[in-house]
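Asker: the sequence and its predicted three-dimensional model are supplied below.
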Amino acid sequence: MMEEMQNANQQQANNRSSGSEEKQVCSNCGWQNIARNNYCNDCGSEL
């Protein structure tokens, strides 16, 4: 469980540092997705 949380935090940090692209926050899980995504990279919900 702790390892999964660390991996998720690292992925979130990587997502934030991916440049100055606009972000779209998932209403289901709060993940910051690149605005051009149609589905959340974390939970798979439609954005």
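Answerer: Perfect, thanks for sending it.

Asker: let's see stretch 29-41 as CSV, backbone CA atoms only.
Answerer: Extracted C-alpha coordinates of stretch 29-41, given in CSV (Å, rounded to 0.1, in the frame of the first residue of the first chain):
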residue,chain,number,x,y,z
CYS,A,29,-9.7,11.4,-8.2
GLY,A,30,-8.2,14.9,-8.4
TRP,A,31,-5.4,13.8,-10.8
GLN,A,32,-3.8,16.6,-12.9
ASN,A,33,-4.1,15.4,-16.4
ILE,A,34,-2.8,17.0,-19.6
ALA,A,35,-5.7,19.0,-21.0
ARG,A,36,-5.7,17.1,-24.3
ASN,A,37,-6.5,13.8,-22.5
ASN,A,38,-10.0,12.4,-22.7
TYR,A,39,-9.6,10.0,-19.8
CYS,A,40,-7.8,10.3,-16.5
ASN,A,41,-4.3,8.8,-16.5
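
Asker: quick one: mean pLDDT for it?
Answerer: In this model, stretch 29-41 has an average pLDDT of 96.

Asker: in it, what's buried?
Answerer: 31-33, 40-41 (16 or more other Cβ atoms under 10 Å). For glycine as for every other residue, the C-beta is placed from the backbone atoms N, C-alpha and C.

Asker: need the strands for this protein, in chain order.
Answerer: 23-25, 32-34 (DSSP state E).

Asker: need these in CSV with distance to Leu47, can you?
Answerer: Written out in CSV, the entries for the strands of the chain read as follows (distance: least, Cβ to Cβ, whole Å):
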stretch, distance to Leu47
strand 23-25, 5
strand 32-34, 6
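
Asker: would you list the buried residues of stretch 29-41 in a markdown table and tack on distance to Glu22?
Answerer: Supplementary listing: the buried residues of stretch 29-41 in a markdown table, determined by distance: Cβ to Cβ, whole Å:
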| residue | distance to Glu22 |
| --- | --- |
| Trp31 | 14 |
| Gln32 | 10 |
| Asn33 | 10 |
| Cys40 | 15 |
| Asn41 | 15 |
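
Asker: from the residues you listed, which is closest to Ser20?
Answerer: Gln32 (13.0 Å; Cβ to Cβ).
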